[in-house]
Each structure stands twice: as structure tokens, then as C-alpha cells.
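Q: after the sequence you'll find the predicted model.
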Amino acid sequence: MPLLQVRDLAVEFVTADGVVRAVDGLSYAVDAGQTLAIVGESGSGKSVSSLAVMGLLQSPPARIPSGSITFAGTDLLTLSRKQHRAFCGEHIGMVFQDALAALNPVYTVGWQLTEALRARHGLTRRDARRRAMELLDLVQVPAARQRAREYPHQFSGGMRQRAMIAMALAMDPEVLIADEPTTALDVTVQAQIMKLLAEIQAERDMALILITHDLGVVASVADTVTVMYAGKAVEQGEVQRIYSRPAHPYTRALLRAIPRLDHKGRQLDVIPGRPPDPLHLPDGCAFHPRCDRAEDVCRAAPPPPLAELPGGGSAACYFAVEVMADGKPAERAES
Amino acid sequence: MGRYLARRLLQGLLTLFLVILLLHLLTTWAIQLNGNPALAFFGDRVPSPAQYAAVAERFGLGDPCYAQVGNPCLGPFVTRLGDYLTGDFGTDLRGRPVTDIVGTAAPNTLRLFAVVTITWLLIGMTLGSVAARKRGRLTDHGIRGLSIMIDALPVFVMLLVYRYVLAVPLYTWAKDTFGSNSTVALLFKPSFSSDHPMITVIVPGILLGLTGSAAFIRLVRAAQLENYNSEHVRTARSKGLTERHVVLFHIVRNSSIPVATAVGIVFTEALAGAVITEGVMNIYGMGGVLWKAVRDSDVSLVVGIVSLLAIVTIVVMILVDLLYAALDPRIRYE
Ligand SMILES: Nc1ncnc2c1ncn2[C@@H]1O[C@H](COP(=O)(O)OP(=O)(O)OP(=O)(O)O)[C@@H](O)[C@H]1O
Ligand code: SF4
Ligand SMILES: [Mg+2]
């Protein structure tokens, strides 16, 4: 049994304009020592699904009409909200996108690093201070002793994200969820943070869920990939296979949108159109208005189900096998 | 920090100087237009020029400029400033030193203020926090409705209703039940008693505090709401902390920053309210004395008390700034 398993998860928001289904039938699993990348455009439900795992959705407006989230045999959704959060505090750490907003501006970094240890495990101030320094060393923040006494606004972006990671690691979690941990940073710092996350993950044999909208980032770190579109997983599988032979036109489009060094100066293949309005999803396949492979069958209900692919993985496209056989994704479509 | 403080103190002194100058000009013109209050001393009698000059001199209004409309009377102004610098704040029209009057009146105002502050802090923090926590629910709507209702009732209406409608029957009942010198009876005594300065100030203080708390409730609610949905609170929750811990250390603590700025505003509001409250409830405090001094055109007293109130306000504003910096590490004054 995998360490963390999400099955058929749905999350809805009750809004004045109607019910938004932000996550629809999402399933995935991660094991210790494994990295799962969840990839998708803005609004595809990446954050909402991980907040559901952590028990951090505000309800109302959020509700979870179906699904299960199992951590080592415990279904988190059967726990009370209080138990759920306490459980995740012990076992699952979360790194948020914008560390400046995600850290409390009025407490020192050291205080925040060890807040849970003091409040929940009764660490003394002295032990807490030592632990804060260890954690900062772990994420390679120099001059840890002095840094622990500073406030988040005194940190640079990269250092702040490192502190954020250190905080998520404070309780020695078995699973770390990193929600776009590098989007707020510049490219060189992004690479450093990615490397750090990969190192820590390998060293501690942790399960890592890496959320990003950039498929390019995950190539070297992920083991498996889940591609999300409009709240649904549209393709899942091994990272190698997804890179070399994507089965869903959306995945293929995402791969073409990766900036490449050898294509410098050439225009990027951005995906035409916009993600759909979650209140008015198109009939049939939600991707069809933007799909370069769409046919009449795609426009008629029902949407294509997520189906197993020959050779492993799965994709939600009527033409998955053909798309996969099409070959190299990095080549531009002639137009 | 030291330099910032020095700058603020200098600013404060300048403000104080301008306040005194403005007061001086206003009172001077009032005298020039309405006639010298020294004349009132003689009632219906017509004084001889020598008598008049002697009285005007004693009131500090002997300078001929007070008879010339439009003359800013800078001479007496400079004299007054000089006197103030040596600690001489002059006397009222009856010859009682202003410092002496302030010495008896200020403690009563302080008592009133203590009750007011405790009331609005308690009510504002409690109801504001509850409303934020129950946002969108019936409790929240109820509290917001209540705060608007309180706002719609000016403090003097509350005081008049209390004093002329409620206080008398309550007082009579308490006297009959517990005896006329009992705590309960004194609590409802319709007017201030200098023998029991604390207890007779409680009800007016609570009423005044209640009026101030209306805006404060909404402020606390808004400040906390902003934090309830903020990312750093979500982070705190992701650490598995109890909701109680999160509310205390991340919501109440962070919302104390905007709340602290309101302290200055509420303070000046309460100061204005104190003048009215002391007037209506006959409390012998700074506001009551000022109220009377203005009616009597008692120039030295008016200028003396207002200057003192200005000093207190300036000090409070500086303290609020320091508090603000103490609460928010992102703010550093240099
Ligand atoms: N509080 C809310 N009320 C209503 N709808 C919401 C709420 N929060 C999220 N949603 C909806 O859920 C959908 C998914 O949002 P989510 O934040 O998970 O996207 P994301 O994939 O993380 O995107 P991004 O890359 O921008 O972080 C959005 O389309 C949004 O409309
Ligand atoms: S089902 Fe049709 S529209 Fe949807 S991704 Fe596949 S080809 Fe495109
Ligand atoms: Mg997100």
C-alpha cells in the first residue's frame, strides 16, 4: 500500500454564482522516497487538492463530496477537522508558494521554525533554539545562529523559501508537499531550491509532492507525473514516458511550451486560448476548444475517461494511443 | 530610534506652540468683539476707569490691545509663553491658580478615562473577535447591527436618557434596598460625588466607552478577518497547531497592529466625549472645567487646560507610534 493515496477526490466551492467543481475525481499515490509532480495551468486545481489533503480548506465555501485520502492506512477524511490538522502537522509538511506571505511578519524566523515543536511537543526555548539552527543548517542558510533571530522581511527571496522548507521539515514529516516552491524566485535561485528539495528528499527517504505549472522543472526530479486540467487528472505516468511519448494533447502542448536553450530566440509554443471557466466547462472533453487534435466525438458528451495506456500510465483522451505514437513532442507542429 | 524620538518631540513642541498661538488669537478676538470679561466682574455697576484697569490687570487682560479689534496682541502672548516656561500658568477669574484647578480636576478625568478605556477595549476586542470568528453568521450580523445602533446614538443622548430616565428610579430603588451609602446606590447616583470619585464615574464611563467601542468593534472585526484568510495563518494551521493557538498567536497578535493605530483616534474621540460627559453628569474634571471656563470667557483657564490637553494628546500620539513599531518588526524609525 502506498504511503499517501488519494482516491477519486472531488472538491467543490459553493459560490454565489453556483457550485464550482475545482477538483473532480483526482487519484494519485506516492511512496516513501518517491517524487510525484502535479502539473497544470493556473486554476487547474493543484493547490485546492493539496489543501484538501492537509485539511486546510475553509468550509464553507469548500466541501468534499467524495473521495478518500489515506495516509499509511488512516483515512484523513474520516477524522474531525481538528484531528486531521493535528495528524498532518505530524506527518505531512507543506511548503507554500509565496514565502513572504506565508510566513508571519511579526515573529522571528527561528520562532516560527520551532513553533509547532514548542506548542505540540513541549520543547524548551533552549532546545528550540538549537533545533532552529539545525533546521537552518539543513536547508543551507548561512549564519544560522544570527538568521534565526531575524524576521522574514530581512531575508532574501531564496533564503526565505529555504526557511519555509526548513519549517515544513521541523516535525520530520514523511510526506512533503511543495506548492510551486520556486515560482516567486528568479531562475538561478529556482534551480538551487529544486536541488535542495531533491537532496533532502533523497536523504530522508521522504515522499515529495511537487506542484508546478512548468513541466520543464520536474524532468530531473520527479518519478511520476500527474497532469491536471480543469480539476481532472488528464494524464498520469512515469516521467520518462511522459516526456518522450505524451499521450494527451494537453501534456504535449505543455512540453512544447517549455523554454529550451536550443530554441533561443524562437517564439515559444504557448498553448492557444485560456483555461476554461470552472463554472461553465465545455461539453465533452474540457480541453477540446484548445486541442489541436479535437474531432466531433470530443465535443459530444460524455468526457473521455482516464484510461490505462498500453505499457503503463493513463490518459483521458479518445486518441491517446495515436497521440502517444505521434512521437517527439518537442517538434513544432507545422502550421 | 533616539533621533526619531527627538524629531517627534520637536514636532510636538511646534504643534503645541501653534495650538497655544491659535487659542490666543481666538480668545483675543473673542474679547475684542464681545467686550472684556473684566467688565462682567462689576455686574450692573459701572466701574471707574481705575477700578476697571485694576480688575483687567488682575485677569491678565489689562493690555490696551484687547480694546483694538484685529490686534493680535502678541505682547501678552509672549508674556504668557514666558510665564508658561517658568511654570506659571496663571489664575482663573476668581484668582485660583490654574495648576491648582487642574490638580483637582485631572484625577477625576483620569478615572473616567480608565473606565472608558477598559470598557471599549473589553467590548471592542470581545465583540470584534467573536464577529470575525462567526463571520457571515447570525452572531456576526447581530454584532454589526448592534455597533451601528450604538453609533446612531450620540453619547449625549445616551447620557441624557440615562441621567433623566433611568438613573433616578434606579437610584431610588438602590437606596431603598441597600441604603443610601451602599456601593450599588452610589453606582447609580445621577450626578458625580467628589466623596466617591471612582464609583460615581463608572456608569458615565461605561456609557462613553460604549459609544467609542462601536467603531472599535468594526475595526477589530475587519483587522481579524483579514488575518483569518491570510496565507500566514494558513501556514500556521498547516503546522497542526490548535485553532486556539492560531487565533491567539497569529490572528489576534497580527490584528493588534492596525488596532493599535486606532488607539490614538479613539483617545481623541474619548477626550471630546469626556467634555460632554463631564458637563452632563456634573463631573468635576478637565472637560467639565473647560466647559464652564469657555462659558465664562475665562481666558487663562481655557488656554491653560487646552494646552495641557494638547500636551497629553501629543504624548499619546508619540506613544502610539512607538507601540506600533514595537508591534510590527517591519517598521523601524530612524
Ligand atoms: N475560495 C474559493 N471559492 C471559489 N472557487 C475557488 C476558491 N478557491 C479556489 N477556487 C477555484 O478552484 C480552482 C482551482 O484553484 P487552485 O488554486 O487549485 O488552482 P491552481 O492549480 O493551484 O492554480 P495556480 O497555478 O494559479 O496556483 C480555481 O479555478 C478557482 O476558481
Ligand atoms: S479527447 Fe479530443 S479534445 Fe480531448 S484531448 Fe483528446 S483529442 Fe483533444
Ligand atoms: Mg496554486
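A: Now that the structure is in, tell me what you want to look at. Numbers count the residues shown, from 1 in each chain, chains lettered A, B, ... in the order given. Ligands and ions are numbered 1, 2, ... in the order given.

Q: buried ones in stretch A:200-217?
A: Of all the residues in stretch A:200-217, those buried under the rule 16 or more other CB atoms under 10 Å in any protein chain shown are A:200-201, A:204, A:206-215, A:217. From N, CA and C alone the C-beta is placed, and that goes for glycine too.

Q: next one: stretch B:136-145
A: So, applying 16+ other CB under 10 Å, buried residues of stretch B:136-145: B:140, B:143, B:144.

Q: all strands for chain A, in order.
A: A:4-15, A:18-30, A:35-39, A:62-71, A:74-75, A:92-95, A:175-179, A:207-212, A:224-229, A:232-238, A:307-308, A:314-315 (DSSP state E).

Q: what is the least confident helix or strand in the chain?
A: You didn't say which chain, so I picked chain A. Ranked by mean pLDDT, DSSP states H and E, the weakest helix or strand in chain A is helix A:215-218, scoring a mean of 83.

Q: sorry, should have said chain B
A: Least confident element among the helices and strands of chain B, by mean pLDDT, DSSP H and E: helix B:49-58 (a mean of 78).

Q: ok, and what's touching that helix?
A: For helix B:49-58, contacts defined as CB atoms under 8 Å, 6 or more residues apart in numbering or on different chains pick out B:36, B:38, B:39, B:41, B:42, B:47, B:62, B:66, B:95.

Q: let me know the pLDDT of the closest residue to ligand 1 within the stretch 51-200 of chain B.
A: Using CB to the nearest ligand atom, the closest approach of the stretch 51-200 of chain B to ligand 1 is made by residue B:136 at 13.2 Å. What the model reports for residue B:136 is a pLDDT of 87.

Q: can you check residue A:285 too?
A: At residue A:285, pLDDT is 92.

Q: repeat for residue A:333
A: pLDDT recorded at residue A:333 is 45.

Q: quick one, domains of the chain?
A: All of this refers to chain A. As given by automatic domain parsing, the domain ranges for chain A are A:4-222, A:245-334.

Q: actually chain B
A: Following automatic domain parsing, one finds the domains of chain B at B:2-85, B:98-296.

Q: run through the bridge partners of residue A:13.
A: On the basis of DSSP bridges, residue A:13 is bridged to residue A:20, residue A:62.

Q: please report how far it lies from residue A:65.
A: Noted for residue A:13: a distance of 11 Å to residue A:65, by CB to CB, to the nearest Å.

Q: so between those two, which is more surrounded?
A: Higher neighbour count among residue A:13 and residue A:65: residue A:13, with 19 against 10, using other CB atoms under 10 Å in any protein chain shown.

Q: do I have it right that the more buried one meets residue A:62?
A: Yes. Counting by CB atoms under 8 Å, residue A:13 does reach residue A:62; the two are 5.5 Å apart.

Q: skipping adjacent residues, who's closest to residue A:43 in space?
A: Residue nearest to residue A:43 in three dimensions, not counting chain neighbours: residue A:275, with 5.1 Å by CB to CB, 6 or more residues apart in numbering or on different chains.

Q: distance to residue B:287 and mean pLDDT added to the strands of chain A, as TSV?
A: Shown next, in TSV, are those (distance: least, CB to CB, whole Å; pLDDT from 0 to 100):
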stretch	distance to residue B:287	mean pLDDT
strand A:4-15	51	95
strand A:18-30	56	93
strand A:35-39	65	95
strand A:62-71	52	94
strand A:74-75	64	93
strand A:92-95	55	96
strand A:175-179	57	95
strand A:207-212	61	95
strand A:224-229	66	96
strand A:232-238	68	95
strand A:307-308	81	92
strand A:314-315	78	94
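
Q: distance to ligand 2 added to those, as a markdown table?
A: Putting those into a markdown table (distance: least, CB to the nearest ligand atom, whole Å) gives the following:
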| stretch | distance to ligand 2 |
| --- | --- |
| strand A:4-15 | 20 |
| strand A:18-30 | 15 |
| strand A:35-39 | 16 |
| strand A:62-71 | 23 |
| strand A:74-75 | 32 |
| strand A:92-95 | 31 |
| strand A:175-179 | 26 |
| strand A:207-212 | 21 |
| strand A:224-229 | 9 |
| strand A:232-238 | 7 |
| strand A:307-308 | 11 |
| strand A:314-315 | 8 |
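
Q: possible to save those strands as JSON lines with distance to residue B:301?
A: Below are the strands of chain A laid out as JSON lines (distance: least, CB to CB, whole Å):
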{"stretch": "strand A:4-15", "distance to residue B:301": "62"}
{"stretch": "strand A:18-30", "distance to residue B:301": "67"}
{"stretch": "strand A:35-39", "distance to residue B:301": "75"}
{"stretch": "strand A:62-71", "distance to residue B:301": "64"}
{"stretch": "strand A:74-75", "distance to residue B:301": "76"}
{"stretch": "strand A:92-95", "distance to residue B:301": "65"}
{"stretch": "strand A:175-179", "distance to residue B:301": "66"}
{"stretch": "strand A:207-212", "distance to residue B:301": "71"}
{"stretch": "strand A:224-229", "distance to residue B:301": "76"}
{"stretch": "strand A:232-238", "distance to residue B:301": "79"}
{"stretch": "strand A:307-308", "distance to residue B:301": "91"}
{"stretch": "strand A:314-315", "distance to residue B:301": "88"}
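
Q: residue B:84: which of those strands is closest?
A: Each of the strands of chain A has some distance to residue B:84 by CB to CB; the shortest is strand A:92-95, at 61.8 Å.

Q: what distance separates the closest one from the centre of its chain?
A: The offset between the C-alpha centroid of strand A:92-95 and the centroid of the whole chain comes to 11 Å, using CA atoms, centre = their mean, to the nearest Å.

Q: swap in stretch B:169-187?
A: Worked out by CA atoms, centre = their mean, stretch B:169-187 lies 29 Å from the chain centre.

Q: just stretch A:207-221 next, same as before
A: Distance of stretch A:207-221 from its chain centroid, counting by CA atoms, centre = their mean, is 8 Å.

Q: closest to the centroid, which residue in the chain?
A: Defaulting to chain A. residue A:211 (2.0 Å; CA atoms, centre = their mean).

Q: if you could check chain B rather than the one you did, that'd help
A: In chain B, the residue lying closest to the centroid (CA atoms, centre = their mean) is residue B:271, at 1.3 Å.

Q: from chain B, how far out is the residue nearest to the centre of chain A?
A: 14 Å (CB to the nearest CB, to the nearest Å).

Q: what's the pLDDT at the residue of chain B found nearest ligand 1?
A: Using CB to the nearest ligand atom, the single residue of chain B nearest to ligand 1 is residue B:229, 8.9 Å away. pLDDT recorded at residue B:229 is 86.

Q: cool, residue A:264 as well?
A: Value listed for residue A:264 in the pLDDT field: 56.

Q: tell me who's in contact with the residue of the stretch 51-200 of chain A found nearest ligand 1.
A: Nearest residue of the stretch 51-200 of chain A to ligand 1, counting by CB to the nearest ligand atom: residue A:61, 5.0 Å away. Contact partners of residue A:61, counting by CB under 8 Å, 6+ apart, are A:13, A:14, A:15.

Q: ok, now with 6 Å
A: Counting by CB atoms under 6 Å, 6 or more residues apart in numbering or on different chains, residue A:61 touches A:13, A:14.

Q: can you check residue A:133 too?
A: Taking CB under 6 Å, 6+ apart as the test, what residue A:133 contacts is A:144, A:145, A:148.

Q: now do residue A:231
A: Going by CB under 6 Å, 6+ apart, residue A:231 touches A:21, A:22, A:23, A:24, A:45.
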